[in-house]
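Sequence and predicted structure below; questions after.
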Amino acid sequence: MILTLRQRLGLYANLRPTLSPPLPGLRPEVDLVIVRENTEGLYVRTEWGDEAAAVALRVITRRASERIAKVAFELARKRRRKVTVVHKANVMKRTCGLFRTVALEVGEEYPDVEVEEMLVDAMAMWLAKEPERFDVVLTPNLFGDILSDEASVWGGGLGMAPSLNVGEGPPLAEPVHGSAPDIAGRGIANPTAALLSAAMLLEVGLGRAGEARRLREAVWKVLAAGYHTPDLPGEEGKMVDTARFGELVRMCLEGERWG
């Protein structure tokens, strides 16, 4: 369903930030955003074949590559002014080659932004080894899906990973983790990704930066106080269920005594 919504609403950019949270044992200086092309690549879902062989169509166009690159470079101007273009043009010379060419052409329009390019396998290694070196990471669809899940480890895992889909239609907030029917009703789901996705919607989609900042600060304050859901590290005595975590965030937002 989410793929259909993105395509029908023209939401061609998927923004997936990773920021070091106030949790024990995590690296403290990770602050990056993966800007993922959201409508093309292998996710056009055009496949054919039989039991002996199967083929998938990978679509990369100049138009889609150009518009996603502009999103990345505009975002970099508001951050630390660096874009890493991720591709596999040494093997997929036509598709990744086009994505790379267009991204670098767009980069020439932003002389104030540093541009580097990196093969996706090398990117995966450096993201695991030295995530602090990255600011804005520009990727085709599938690569961005995989790399953002990897990056989420530095932000506390998928339960902490927000995203926002933007483009031609109304923005759509979407926790990276998707649904988890196997844990429904058990009170162990981490609501942080949903809360931070809502903050992204407030800021980027609705222009309500103040409310977005308050929500993020409330979530961070609860985490910094040591309260956590079962998927996160922390003291056993401060482990709370989904509802209690949400209640603590609400109390923080409304200025009530909590903790």
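Cool, got the structure.

so where do the helices sit in this structure?
Listed in chain order, the helices of the chain (DSSP state H) span residues 2-8, 62-77, 95-107, 120-129, 141-151, 192-200, 209-224, 242-253.

can I get those helices in CSV with mean pLDDT, mean neighbour count and distance to W48?
(Each C-beta comes from the backbone N, C-alpha and C, glycine too.) Supplementary listing: the helices of the chain in CSV, determined by pLDDT from 0 to 100; neighbours: other CB atoms under 10 Å; distance: least, CB to CB, whole Å:
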stretch, mean pLDDT, mean neighbour count, distance to W48
helix 2-8, 84, 14, 18
helix 62-77, 98, 19, 23
helix 95-107, 98, 20, 18
helix 120-129, 98, 15, 25
helix 141-151, 96, 21, 18
helix 192-200, 97, 23, 35
helix 209-224, 96, 17, 44
helix 242-253, 96, 17, 42
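
Reformat those helices as TSV; add distance to G178.
Formatted as TSV, these follow (distance: least, CB to CB, whole Å):
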stretch	distance to G178
helix 2-8	7
helix 62-77	22
helix 95-107	25
helix 120-129	21
helix 141-151	11
helix 192-200	10
helix 209-224	20
helix 242-253	16
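
Show me the domain layout of this protein.
Described in terms of automatic domain parsing, the domain architecture of the chain consists of the residue ranges 2-178, 180-259.

still on that earlier bit, tell me which of the helices of the chain lies nearest to N38.
Closest to N38 of the helices of the chain, according to CB to CB: helix 2-8, at 5.1 Å.

give me every residue that touches K221.
The neighbourhood of K221, defined by CB atoms under 8 Å, 6 or more residues apart in numbering, consists of C252.

cool, R62 as well?
Under the criterion of CB under 8 Å, 6+ apart, the contact list for R62 reads L98, V102.

Quick one, which of the helices of the chain gets closest to P24.
If we rank those by CB to CB, the stretch that ends up nearest is helix 209-224, at 10.3 Å.

Just the angle for the closest one relative to helix 192-200, thanks.
Compare the direction of helix 209-224 with that of helix 192-200 by axes from the mean of the first three to the mean of the last three CA atoms, to 10 degrees and you get 160 degrees.

pLDDT wise, what is the spatially closest residue to E47 that is not a sequence neighbour at?
Leaving aside its sequence neighbours, E47 sits nearest to A56 (CB to CB, 6 or more residues apart in numbering; 4.7 Å). Per-residue pLDDT puts A56 at 96.
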